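Engineer: Sequence plus predicted model, see below.
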Amino acid sequence: MSVRQFVILLLIVSMCASLSACSKRVKKDPRQLTALVSIEGSDTMTALVQAWATNFMKNEPNVPISVNSGDSGGGIDALLNRTTDLAAASRDLNATESIQLHAKSIKLKKITVARDSIAIIVNPENPIDSLTLEQLRSIFSGSVKNWSAVGGNKAPIQVFSREEKSGTYNFFKEHLLQGAEYAKGSQTVLSGNELLAAIEKNKLAIGYVGMGTASTAHDKIKVVGLKLSPNSAPVKPTELSTVTDYPLSRPLILFMDEEPKPSVRKFVDYCLGAEAQKLVRAAGYAPVEQKLK
């Protein structure tokens, strides 16, 4: 065999090996077959992500974006099962998800794309304007059951909550209830908009939603100020307080593979850019300043 023939043979073997490896990757991860960017997860983030997707596709018509609303837990599950490209989440990974991540040898990147605060909301006819964190904790854990105990009318408190896979539910449980269970008899709803509707109709109700969701309700609900102590000034969720002194603020996150396909990286780069961050502010959240590494 001549040197030239040997070199050609090596090139053919190398190409076959490369094609075989590529085929195995695609078989293992069918997401690689298309430029489509699929996003699944947080109900809190749905309107914002849809706005991003719409604007992104105006300039990138060859990169379709699919947005599926649900909850943070569902989005993370989908990413771990390789059925979505991006998981939108209003909380970090929990212990169970971290174990699954390790067991499947998956490496993820966590990107904070905006900041949010959890707004405590009541019916506009409720005279309560502010609560201490301790009063709020007592209400949602069930140790306080009547509005009169926190300065309101003599009437039973009706607690509304999100469902268990919701990132807002889990963040609230961890950071306000400090791991305690929600009050027995709490009424569960599947989305922030459902919770807004429930509070609007019920003078005795209290619930929580992301501040962007609360901003869409205008005068149909009332946002309650929070106080760190009985003598401190109440703070309501705003863009400024979200990054300074509001006690229930949190990041809004996109999780993706450590080495995503090019279309996913391009979309996430867009989400962190100036145009997308203007949409963050328009949606009622606090923008961030960072670049994808």
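Structural biologist: Received the coordinates, thanks.

Engineer: ok, now which ones touch the closest residue to Asn94 other than its chain neighbours?
Structural biologist: Closest residue in space to Asn94, ignoring its immediate chain neighbours: Asn170 at 7.0 Å, by C-beta to C-beta, 6 or more residues apart in numbering. C-betas here are computed from N, CA, C, even on glycine. For Asn170, the contact set (C-beta atoms under 8 Å, 6 or more residues apart in numbering) comprises 72-73, 91, 94, 164.

Engineer: My read is that Leu79 contacts Leu86, right?
Structural biologist: Yes - the pair Leu79 and Leu86 passes the contact test of C-beta atoms under 8 Å, sitting 7.2 Å apart.

Engineer: Overlap in contacts, the two.
Structural biologist: 40, 255-256.

Engineer: Mean confidence (pLDDT) on stretch 43-50, please.
Structural biologist: The pLDDT scores in stretch 43-50 average 96.

Engineer: Just give me how far that stretch sits from the chain centre.
Structural biologist: The chain centroid and the centroid of stretch 43-50 are separated by 8 Å under C-alpha atoms, centre = their mean, to the nearest Å.

Engineer: now the shared contacts of Leu79 and Leu86 in CSV, with distance to Lys154 and neighbour count?
Structural biologist: CSV is the format used below for those (distance: C-beta to C-beta, whole Å; neighbours: other C-beta atoms under 10 Å):
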residue, distance to Lys154, neighbour count
Glu40, 45, 24
Phe255, 46, 24
Met256, 51, 23
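
Engineer: Pipe those into TSV and attach secondary structure, distance to Asp219 and pLDDT per row.
Structural biologist: Below are these laid out as TSV (DSSP: H, G, I helix; E, B strand; the rest coil; distance: C-beta to C-beta, whole Å; pLDDT from 0 to 100):
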residue	secondary structure	distance to Asp219	pLDDT
Glu40	strand	33	98
Phe255	strand	36	98
Met256	strand	39	98
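
Engineer: and which of these is nearest Lys227?
Structural biologist: Phe255 (33.9 Å; C-beta to C-beta).

Engineer: The nearest residue to Glu60 once chain neighbours are set aside - how many residues pack around it?
Structural biologist: Once flanking residues are discounted, Glu60 sits nearest to Lys266: 7.0 Å by C-beta to C-beta, 6+ apart. Around Lys266 there are 16 other residues, counting by other C-beta atoms under 10 Å.

Engineer: Could you check the pLDDT of the residue lying closest to Asp257 once chain neighbours are set aside?
Structural biologist: With C-beta to C-beta, 6+ apart as the criterion, Asp257 has its nearest non-adjacent residue at 6.5 Å, and that residue is Leu108. With respect to pLDDT, Leu108 has a value of 97.

Engineer: rewinding a little: just the pLDDT at the residue nearest to Asn94, thanks.
Structural biologist: With respect to pLDDT, Asn170 has a value of 95.

Engineer: if we can go back for a sec, next, the residue nearest to Glu60: secondary structure please.
Structural biologist: For Lys266, the secondary structure call by DSSP: H, G, I helix; E, B strand; the rest coil comes out as helix.

Engineer: Give the closest residue to Phe255 in space, chain neighbours not counted.
Structural biologist: Ala87 is the one closest to Phe255 (C-beta to C-beta, 6+ apart), at 4.2 Å.

Engineer: got it, and Lys278?
Structural biologist: Nearest residue to Lys278, sequence neighbours excluded (C-beta to C-beta, 6+ apart): Pro287, at 7.7 Å.

Engineer: What of Gly74?
Structural biologist: Here the residue nearest Gly74, using C-beta to C-beta, 6+ apart, is Lys165, at 5.9 Å.

Engineer: cool, and Ser148?
Structural biologist: Per C-beta to C-beta, 6+ apart, closest to Ser148 is Lys154, 4.4 Å.

Engineer: Could you verify my assumption that the one you found touches Pro127?
Structural biologist: No - taking C-beta under 8 Å as the definition, Lys154 is not a contact partner of Pro127, at 11.6 Å.

Engineer: any idea how far stretch 56-68 is from the chain center?
Structural biologist: Relative to its chain's centre, stretch 56-68 lies at 20 Å (C-alpha atoms, centre = their mean).
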